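Enquirer: Here is my input; please provide its structure:
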Amino acid sequence: MASVQFLAVLFAHTAIADYRLERIASGLAQPTFVTQAPGDPANIIYYATRITAADGTGGGFSSVKSMGGIFRYDMNSRASTKIMDLSYRSLVGDEGLVGFAFSPDFNTPGAPGYQKLYVSSSEYNGSFDIAPTERVEEYTANGSNGIVPVDVWGHAIVSQLLLQYNNVNTGQNHTVNWIGFDPTAAALPIGSPERNYLYISAGDGDIGGNAQSRPEQKANSVLGKVLRVDVNVADHGDAYSNDPNKNFAIPSTNPIPLWNSSHSGTQQLTGTHINYSGGSPSSANYTPALGEIFFTGTRNTFRMSIDRQTGDYWMGDVGENTREEVNFLKAGTYDGSQPPVDFGYAQREGTTATSSALAVANSSGATTVQWNLSGGGNMIVNSANPIREGDHSTTNTNDHPLAGRSSYIGGYVYRGPITELQGQYFYADFVNSNIFALSDFDRDTALSSYSGTNFNQNPTTHLAALGTRTTVATSNINSLWNTLIVDPADPTYTSTLGSAFGIGRVVSFGEGNAGNLYVIDMGGTRGDPNFSSDYPNAGKGQIFMLVPVLPGDYNDNGIVDTADFTVWRDHLGTTFALPNEVSGTTPGAVTIEDYNAWKARFGNSLAGAGSDSAAVPEPSSAILLLLACMGLRCFAFHSISRDSRTLVGR
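Expert: Just a heads-up that it's a prediction; the model follows:
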């Protein structure tokens, strides 16, 4: 009976993922971001490092380091070229080279954005008692390799300082974060103003402090916001011509100028009003209303993205004490009837009201924000809640354990070549080596249905739970994405390396021009959630790329046909490494599982390959007998092993 049960399992169809994670770069010095330049060849990417490789050992939050640079990387040759070096600047804490973005017109000669790239960085000013300097700068590359020229001191030449400010309360964290252009603007004609609109996520620059000191909902501060600026000052003017720290135009379609142009003189937005539950002042007005504000009420949106197909906004906001957030806003929400959307912090952290116990003393816990109007009136607007959130308790929902720490990293909606992943939003937990996929979220869900007191909480976890979330990677080496990892250039990179193998600290995702998704591992040891591992030593960082594969294509010619059956048959029962053998089969062994994978995809091909319409061959009776005998021996071995474990009391 046992042998019959085994054979039933043996010949059952096995589900196979039609993709894998290829490690495309390794040995990096705390990589922070990766992207492609518009118009570049498919094999060329760019990545940034937070620190210099020369800093070597001695990572950690309080360790002063030299800032890193940006590298041009050929995925075919695995050769890198440093195109910009910021090592003359120092960093500590969350500081460093945080993000960068290429103009949509980077490879368009004659366009205002030709050869322009934009960099966000945070610089240590020599003392923990001095606030760091946050910058967004424009640089102009030179030549085919895109190298940024330097001055006589070896410093990268800044074409234009777009934004500079200092953190509040001398905090060395929650710096300027992600910057990027709307990928949907690439479809607009060259010269369209939208091709010049740069989004800037600015952290709140603070840790701790009472509600009065928090800048997130104050309309006169850029901190704790998402901003949108027009970088084409030459053609569109400088909105702050008397301020050397702000050099940009303000898009007329930003929510504040759009509102003001759609309403009468007495209905202009002038600022926000915040009430406090204690302390001084008990309430205050914050003016003027800065036209560059796109969203308010964000704590530390370290990574966000814009869906290249729909233009929707997706954000991962890092919580302080109790909640991690995934925030969403549908494209086209701003039509002149909506002030800047507020995401609630510091009055609320996710769907939870903040309080003294949650490190925000004097918070009212309001689910609304008040905008003052020029005629003396005001307007109360519901704050938007996260569509998904995670908890800082012992369990972050019921599918992955935590030890009281968590940090959500926003990702991307997948729009690449892997069919089964289309439309899923991928994001991560930096601390716990977790990667999540969010599906079945209806982008047409009304903003009002997840704003104010509409929390959409799961009745068991009491966490916001719109859409369906699955966990594709954890610290467990056997979690799905860890089992899909290969390094075509390094056959020694396998699970036998233990904790040195797999995805450790996901600091960011990246997206290529064709929608390919990259995963950036800063280098932390997989499964180590301790604070001391947040900033690992140089040389441990790595970048992965989701790559479509064709299971069953055992001669690796892009077609699943009868020739692949021959390869399988000739190596059955051996330890031959079949090409395109992925998760769901027995690694390092040619078995009936590999036949099932081949049979299920017979006739399939990758783009550009032909197909074979011949009938699907079935294993001969001799092969089936061989497999059955192999299976019976395997079953007997496992039965004996199981009985032995019972005898020793395990």
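Enquirer: When you work out contacts or count neighbours from here on, use the C-alpha atoms and nothing else.
Expert: Will do.
Enquirer: Test my guess that Thr453 contacts Thr368.
Expert: No. Using CA atoms under 8 Å, Thr453 is not in contact with Thr368; the gap is 9.1 Å.
Enquirer: contacting residues around stretch 254-266?
Expert: 228, 251-252, 267-269, 289-294, 334-340, 373-376 (CA atoms under 8 Å, 6 or more residues apart in numbering).
Enquirer: hang on, I meant stretch 472-490
Expert: With contacts defined as CA under 8 Å, 6+ apart, stretch 472-490 is touched by 19-24, 400, 432-437, 493-495, 498, 502-504, 526-527, 582-583.
Enquirer: In ChimeraX, how would I select just the buried ones from those residues?
Expert: If you want just the buried ones from the contacts of stretch 472-490 in ChimeraX, going by 16 or more other CA atoms under 10 Å, the selection is:
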select :19,20,21,22,23,24,432,433,434,435,436,437,493,494,495,502,503,504,526,527,582,583
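Enquirer: Kindly report the domain assignment for the protein.
Expert: If you go by automatic domain parsing, the domain ranges for the chain are 2-14+551-647, 19-548.
Enquirer: Identify the residue nearest the geometric centre of this structure.
Expert: Gly411 (2.8 Å; CA atoms, centre = their mean).
Enquirer: residues contacting that residue?
Expert: Gly411 touches 303-305, 314-316, 425-428, 508-510, counting by CA under 8 Å, 6+ apart.
Enquirer: any idea how far the residue lying closest to Gly336 once chain neighbours are set aside lies from Asn378?
Expert: Counting by CA to CA, 6 or more residues apart in numbering, Gly336 lies nearest to Trp259, which is 4.4 Å off, once chain neighbours are set aside. The gap separating Trp259 from Asn378 is 14 Å, by CA to CA, to the nearest Å.
Enquirer: Same check on Arg323?
Expert: Distance from Arg323 to Asn378, counting by CA to CA: 30 Å.
Enquirer: cool, and Gly279?
Expert: In terms of CA to CA, Gly279 sits 24 Å off from Asn378.
Enquirer: State the number of residues packed around Ala111.
Expert: A total of 15 residues lie near Ala111 under the criterion other CA atoms under 10 Å.
Enquirer: you'd agree it is in a helix?
Expert: No. If the criterion is DSSP: H, G, I helix; E, B strand; the rest coil, then Ala111 is coil and not within a helix.
Enquirer: Using a markdown table, please lay out the domains of the chain together with mean pLDDT.
Expert: As requested, the domains of the chain are exported to a markdown table (pLDDT from 0 to 100):
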| stretch | mean pLDDT |
| --- | --- |
| domain 2-14+551-647 | 64 |
| domain 19-548 | 93 |
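Enquirer: Need the winner for burial among these.
Expert: domain 19-548 (a mean of 20; mean count of other CA atoms under 10 Å).
Enquirer: end-to-end on that domain?
Expert: One end of domain 19-548 to the other measures 4 Å (CA to CA).
Enquirer: switch to numbering from 451
Expert: I'll keep to 451 as the first residue from here, and by that count the last item is domain 469-998.
Enquirer: for that domain, the distance to its chain's centre please.
Expert: 8 Å (CA atoms, centre = their mean, to the nearest Å).
Enquirer: Is Trp764 part of a helix or strand, or is it coil?
Expert: Classification of Trp764 using three-state DSSP returns strand.
Enquirer: residues touching the closest residue to it other than its chain neighbours, list them.
Expert: Nearest non-adjacent residue to Trp764, counting by CA to CA, 6+ apart: Phe778, 4.8 Å away. Shown in contact with Phe778 (CA under 8 Å, 6+ apart): Asp762, Tyr763, Trp764, Met765, Pro836, Ile837.
Enquirer: Please name the bridge partners of the fourth one.
Expert: Each beta-bridge partner of Met765 is listed here, defined by DSSP bridges: Met754, Asn777.
Enquirer: Could you measure from it over to Ser945?
Expert: Per CA to CA, Met765 is found 32 Å from Ser945.
Enquirer: Kindly report the same for Thr722.
Expert: 54 Å.
Enquirer: What separation do you get for Thr720 and Leu913?
Expert: The spacing between Thr720 and Leu913, counted by CA to CA, is 34 Å.
Enquirer: With Lys532 instead?
Expert: 44 Å.
Enquirer: Over to Gly518?
Expert: Distance from Gly518 to Leu913, by CA to CA: 38 Å.
Enquirer: Same question for Leu613.
Expert: Taken as CA to CA, the span from Leu613 to Leu913 is 36 Å.
Enquirer: phi, psi of the residue nearest to Val810 when sequence neighbours are not counted?
Expert: In space, and not counting its chain neighbours, Val810 is closest to Asn660: 5.0 Å by CA to CA, 6+ apart. Note on Asn660: its backbone torsions stand at phi -80, psi 170 [degrees, to the nearest 10].
Enquirer: Then Tyr649?
Expert: With angles defined as degrees, to the nearest 10, Tyr649 sits at phi -90, psi 140.
Enquirer: isn't it right up against Asp680?
Expert: No. Applying CA under 8 Å as the test, Tyr649 and Asp680 come out as separate, 9.0 Å apart.
Enquirer: Is the closest residue in space to Gly973 that isn't next to it in sequence bridged to anything, and to what?
Expert: Nearest residue to Gly973 in three dimensions, chain neighbours excluded: Gly991, at 4.0 Å (CA to CA, 6+ apart). Legend: beta-bridge partners of Gly991 under DSSP bridges are Leu478.
Enquirer: Would you check how far apart Gly991 and Gly477 are?
Expert: Relative to Gly477, and taking CA to CA, Gly991 is found at 6 Å.
Enquirer: and Gly866, what is it in contact with?
Expert: Contact analysis of Gly866 by CA under 8 Å, 6+ apart lists Gln872, Ala964, Gly965, Asn966, Leu967.
Enquirer: Can you classify it as helix, strand or coil?
Expert: coil.
Enquirer: now it: how far from Thr485?
Expert: Using CA to CA, Gly866 is found at 14 Å from Thr485.
Enquirer: would you say Met1048 is within a helix?
Expert: Careful, residue 1048 is Trp; it's not Met. Yes. Counting by three-state DSSP, Trp1048 is found in a helix.
Enquirer: Just give the closest residue to it, not the sequence neighbours.
Expert: Closest to Trp1048 by CA to CA, 6+ apart is Gly1002, at 3.7 Å.
Enquirer: what pairs with the helix or strand where Tyr497 lies, and is each one parallel or antiparallel?
Expert: Assessed by DSSP states H and E, Tyr497 sits inside strand 494-499. Here strand 494-499 is paired, per DSSP bridges, with strand 481-485 (antiparallel), strand 519-524 (antiparallel).
Enquirer: Alright, that wraps it up for me.
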